[in-house]
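[1] Using only what follows, build the 3D model:
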Amino acid sequence: MNYYTLQIEYGSNQKPEKYMLKDLNPGSMDEMQWIRQTRQLLFTTGFHIESAPGTYHFISPFVIVNAYLLRQDSKYQLD
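    A predicted model of the protein is given here:
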């Protein structure tokens, strides 16, 4: 099974902020279909960050500068 890191840069073009999600995987879904669906959802609905316990910050797709889906060598966190 392949694991991925999604690195998103958002905000200003001159100094964008970065957000990373590690150990993502397609599960039982076809890998290419999962990649396309992830890209589509990111650029149509955006994402959110928990800035404090119970406080979520919504990031609009209009402020996303770059998004990278990087294949990991192995899983970072152990279950």
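[2] and Thr45, what is it in contact with?
    Pro61 (C-beta atoms under 8 Å, 6 or more residues apart in numbering). Quick note: C-beta positions are derived from backbone N, CA and C, even for glycine.
[3] pLDDT score for it?
    Looking at Thr45, its pLDDT stands at 94.
[4] Also Pro26?
    Looking at Pro26, its pLDDT reads 91.
[5] Equivalent analysis for Arg36, please.
    For Arg36, pLDDT reads 95.
[6] What distance do you get for it to Glu50?
    27 Å (C-beta to C-beta, to the nearest Å).
[7] Residue ranges in the protein under the pLDDT threshold?
    78-79 (pLDDT under 70).
[8] And the helices in it?
    31-45 (DSSP state H).
[9] need the strands for the chain, in chain order.
    Under the criterion DSSP state E, the chain carries strands at the ranges 4-10, 17-24, 47-52, 55-59, 64-71.
[10] winner for burial among the ones you listed?
    Compared across the strands of the chain, strand 4-10 shows the largest average neighbour count, a mean of 18 (mean count of other C-beta atoms under 10 Å).
[11] Show me what it packs onto, helices and strands only.
    strand 17-24, helix 31-45, strand 64-71 (3 or more C-beta pairs under 8 Å, 6 or more residues apart in numbering; DSSP states H and E).
[12] hang on, isn't Leu70 packed against Ile8?
    No: applying C-beta atoms under 8 Å, one finds Leu70 not in contact with Ile8, separated by 11.5 Å.
[13] wait, what's in contact with the nearest residue to Ile35 once chain neighbours are set aside?
    Excluding its sequence neighbours, the residue lying closest to Ile35 (C-beta to C-beta, 6 or more residues apart in numbering) is Leu69, at 6.4 Å. Counting by C-beta under 8 Å, 6+ apart, Leu69 touches 4-6, 35, 38-39.
[14] quick one: which two of these are the most distant?
    Farthest-apart pair in the contacts of Leu69 is Thr5 and Arg39; separation 14.6 Å (C-beta to C-beta).
[15] And the residue nearest to Gly27 when sequence neighbours are not counted, how far from Leu21?
    Excluding the flanking residues, the one nearest Gly27 by C-beta to C-beta, 6+ apart is Trp34, at 7.8 Å. Between Trp34 and Leu21 the computed distance is 14 Å (C-beta to C-beta).
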